[in-house]
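K.L.:
pasting the structure only:
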């Protein structure tokens, strides 16, 4: 009986190891799923549908309210909501405030966060449900608790519409006119405009702007063949920036319309990944002022031709990959530019790698999507005109060389006062997210994040000394305020730019 007992014991051990092996595989699979890219829903959106989202310099997110997705006839309601992260800095479990009601309800428009924290909203292809190229605007206060003032258009501009905008390194807002060759610069003190942009050879319509590390602005012409142009802020002029190796614009097989194009994102290596509306992509190399071909999108998962990114969103991830939303561009005669479902990819410098989409991806088209880089690890907030707001959780880590570095920070800070912080790479290596002429949501400014007794606070930050990108070793300064709702005690502070946090510094918060 003894040998039999040994035999049974060995069999039991073998079976248990087999079961353990199966369990281990399952557990490893679960761990793999948990560590893979995934989406997390945000607490229910209180409005009709979430549109363009803008990160404020106090860590909150200002969100445009729509009646629904544009593909189903949705338009602006004139309301705006604010998402505030929870006590631990999480946005998925944050709190919505609002609405902030205005009589101004653009659907596609120019937007920018000024260096002092105020938010400019200009133009509009629609105002409420009425199609017009609106030429007015408003300014929200830095905390987006209300509208500070209206903003008049540049002199002589009858329309602004779905225009471009960018904050130049010298902290000046440049705005495009949707329907001609002109741009204008805003004086934030007098709220007056100065015309700029001599030498532009292609109208602004449907073109996007990408801020480069050398301070210039890149645009790809939509109506001038393979041409691209560079704006020089110091001269106020445009110049030729070489031709693309392949066209990335698309007329949607429709006559008499301005061709569509996708977003263009500056990556940490200094190159720009430009996404085509026709399934092609291209890469701009500023160091040599040359273009090269990028990867072609695969077929749409719903069978609607290849994927493409006409009027679609993209965002830079902490590891340098670019998250892209694309949808089907099918044959002539079928409204070919925008077909659901949407497919999602990460561009890694060479390839477009498929990644999971949010729950509503089967119903989405590219032009309804918007992306915003959040300051908590480079998570990406995604809206699509519905009440389902989602956050993309990436897996790649940032290169430590890309992080901001704090060089000067007060050791003791008092509630109700403001202070100066200094360091390098406070503006990140890119504007962060892109869409094109219809929406801008740049995050190339520093946020100060404070951790006190396990709780997280974003401190209102403003007066940034430059609004360039990839400033490298240049010392940048900013002012931050210490609100009275911050807990006193020993704390640590970091500076976050485009979701990447700096080294931490010890600080004491006193009442």
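P.N.:
Looks like it arrived, so ask away. Keep in mind that this is a model prediction, so the values were computed, not measured.

K.L.:
for residue 479, helix, strand, or coil?
P.N.:
The assignment at residue 479 comes out as strand when based on DSSP: H, G, I helix; E, B strand; the rest coil.

K.L.:
Hmm, residue 448 and it touching each other?
P.N.:
No: the pair residue 479 and residue 448 fails to qualify as a contact (CB atoms under 8 Å) at a distance of 9.6 Å. To be clear about C-beta, it is placed using only N, CA and C from the backbone, and glycine gets the same treatment.

K.L.:
Identify the contacts common to the two.
P.N.:
Residues touching both residue 479 and residue 448 comprise 421, 461, with contact defined as CB atoms under 8 Å, 6 or more residues apart in numbering.

K.L.:
out of the two, which sits in the busier spot?
P.N.:
Set side by side, residue 479 and residue 448 give different neighbour counts by other CB atoms under 10 Å, the larger being at residue 448 (28 against 18).

K.L.:
Tell me which helix or strand the more buried one sits in.
P.N.:
When secondary structure is defined by DSSP states H and E, residue 448 falls within strand 447-452.

K.L.:
May I have the phi/psi pair for the closest residue to residue 50 other than its chain neighbours?
P.N.:
Among residues not flanking residue 50 along the chain, residue 383 sits closest, at 4.0 Å (CB to CB, 6 or more residues apart in numbering). Dihedral angles phi and psi of residue 383 (degrees, to the nearest 10) take the values phi -130, psi 160.

K.L.:
oh, and call the first residue 24 from now on, that's how I've got it
P.N.:
All right, first residue 24 from here; so that's residue 406.

K.L.:
Tell me which residues touch residue 406, please.
P.N.:
The contact partners of residue 406, taken as CB under 8 Å, 6+ apart, are 73, 74, 75, 76, 86, 392, 393, 412.

K.L.:
same thing but at 7 Å, please
P.N.:
Taking CB atoms under 7 Å, 6 or more residues apart in numbering as the criterion, residue 406 is in contact with 73, 74, 76, 86, 393, 412.

K.L.:
these two touch, right, residue 247 and residue 226?
P.N.:
No: taking contact to mean CB atoms under 7 Å, the distance of 8.9 Å between residue 247 and residue 226 leaves them out of contact.

K.L.:
Of those two, which one has the most company?
P.N.:
Neighbours of residue 247 and residue 226, each counted by other CB under 10 Å, are more numerous for residue 226; the result is 19 against 15.

K.L.:
That one contacts residue 246, correct?
P.N.:
Yes: distance between residue 226 and residue 246: 6.1 Å, which falls inside the contact criterion (CB under 7 Å).

K.L.:
helices and strands around the strand holding residue 471, which ones?
P.N.:
If contacts are counted by 3 or more CB pairs under 7 Å, 6 or more residues apart in numbering; DSSP states H and E, strand 470-475 sits against strand 478-482, strand 512-520.

K.L.:
Mind checking those for the one nearest to residue 176?
P.N.:
strand 512-520 (31.7 Å; CB to CB).

K.L.:
Any idea how far apart the tips of stretch 352-361 sit?
P.N.:
Terminal residues of stretch 352-361 lie 6 Å apart, using CA to CA, to the nearest Å.

K.L.:
same question, stretch 420-440
P.N.:
The first and last residues of stretch 420-440 sit 35 Å apart, counting by CA to CA.

K.L.:
circling back to that earlier point, can you tell me which of the contacts of residue 406 is nearest residue 425?
P.N.:
Out of those, the one with the shortest distance to residue 425 is residue 76. That distance is 23.4 Å, counting by CB to CB.

K.L.:
separation between the closest residue to residue 332 other than its chain neighbours and residue 495?
P.N.:
The shortest distance from residue 332 to any residue that is not its chain neighbour, by CB to CB, 6+ apart, is 3.2 Å, and that residue is residue 285. The span separating residue 285 from residue 495 equals 28 Å under the rule CB to CB, to the nearest Å.

K.L.:
got it, and residue 397?
P.N.:
24 Å.

K.L.:
Quick one: distance of stretch 62-69 to the chain centre.
P.N.:
Distance of stretch 62-69 from the chain centroid (CA atoms, centre = their mean, to the nearest Å) equals 18 Å.

K.L.:
Please apply the same query to stretch 489-509.
P.N.:
For stretch 489-509, the distance from its own C-alpha centre to the chain's C-alpha centre is 19 Å (CA atoms, centre = their mean).

K.L.:
returning to that earlier point: with mean neighbour count and distance to residue 422 added, can I get the helices and strands packed on strand 470-475 in TSV?
P.N.:
Formatted as TSV, the entries for the helices and strands packed on strand 470-475 read as follows, by neighbours: other CB atoms under 10 Å; distance: least, CB to CB, whole Å:
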stretch	mean neighbour count	distance to residue 422
strand 478-482	19	24
strand 512-520	21	14
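
K.L.:
ok, how many other residues are close to residue 417?
P.N.:
The number of residues packed around residue 417, counting by other CB under 10 Å, is 21.

K.L.:
Over to residue 218?
P.N.:
The number of residues near residue 218, taken as other CB under 10 Å, comes to 15.

K.L.:
And for the one 3 residues further on?
P.N.:
Around residue 221 there are 12 other residues, counting by other CB under 10 Å.

K.L.:
before we move on, the earlier item: residue 194 is nearest to which of the helices and strands packed on strand 470-475?
P.N.:
Closest approach to residue 194 among these is made by strand 512-520 (15.9 Å; CB to CB).

K.L.:
Adjacent strands (with direction) for the closest one?
P.N.:
Next to strand 512-520 in the sheet, as set by DSSP bridges, lie strand 470-475 (antiparallel), strand 523-524 (antiparallel), strand 528-533 (antiparallel).

K.L.:
What values do phi and psi take at residue 384?
P.N.:
According to degrees, to the nearest 10, the main-chain angles of residue 384 amount to phi -50, psi -40.

K.L.:
now it: how far from residue 125?
P.N.:
As judged by CB to CB, residue 384 and residue 125 stand 31 Å apart.

K.L.:
Of the two, give the one with the bigger neighbour count.
P.N.:
When residue 384 is set against residue 125 and neighbours are counted by other CB under 10 Å, the residue ahead is residue 384, at 21 against 18.

K.L.:
what residues are up against the more buried one?
P.N.:
364, 365, 367.

K.L.:
again, 6 Å this time
P.N.:
364, 365 (CB atoms under 6 Å, 6 or more residues apart in numbering).

K.L.:
next one: residue 510
P.N.:
Under the criterion of CB under 6 Å, 6+ apart, the contact partners of residue 510 comprise 475, 476.

K.L.:
what's the answer for residue 137, then?
P.N.:
Contacts of residue 137 were listed using CB under 6 Å, 6+ apart, and they are residue 211.

K.L.:
what pLDDT does it get?
P.N.:
For residue 137, the model assigns a pLDDT of 95.

K.L.:
Distance of it relative to residue 399?
P.N.:
Using CB to CB, one gets 23 Å for the distance from residue 137 to residue 399.

K.L.:
measure residue 430 to residue 415 for me?
P.N.:
Taking CB to CB as the criterion, residue 430 is separated from residue 415 by 32 Å.

K.L.:
what about the two, which has more around it?
P.N.:
Neighbour count, other CB under 10 Å: between residue 430 and residue 415, residue 415 has more, with 25 against 15.

K.L.:
pretty sure residue 411 is touching residue 380, no?
P.N.:
No: taking contact to mean CB atoms under 6 Å, the distance of 11.9 Å between residue 411 and residue 380 leaves them out of contact.

K.L.:
List the residues that contact residue 453.
P.N.:
So, once contact is read as CB under 6 Å, 6+ apart, residue 453 ends up touching 289, 339, 492.

K.L.:
where does the closest residue to residue 195 other than its chain neighbours land in three-state SS?
P.N.:
The spatially closest residue to residue 195, leaving aside those adjacent along the chain, is residue 208, at 5.1 Å (CB to CB, 6+ apart). Going by three-state DSSP, the secondary structure assigned to residue 208 is strand.
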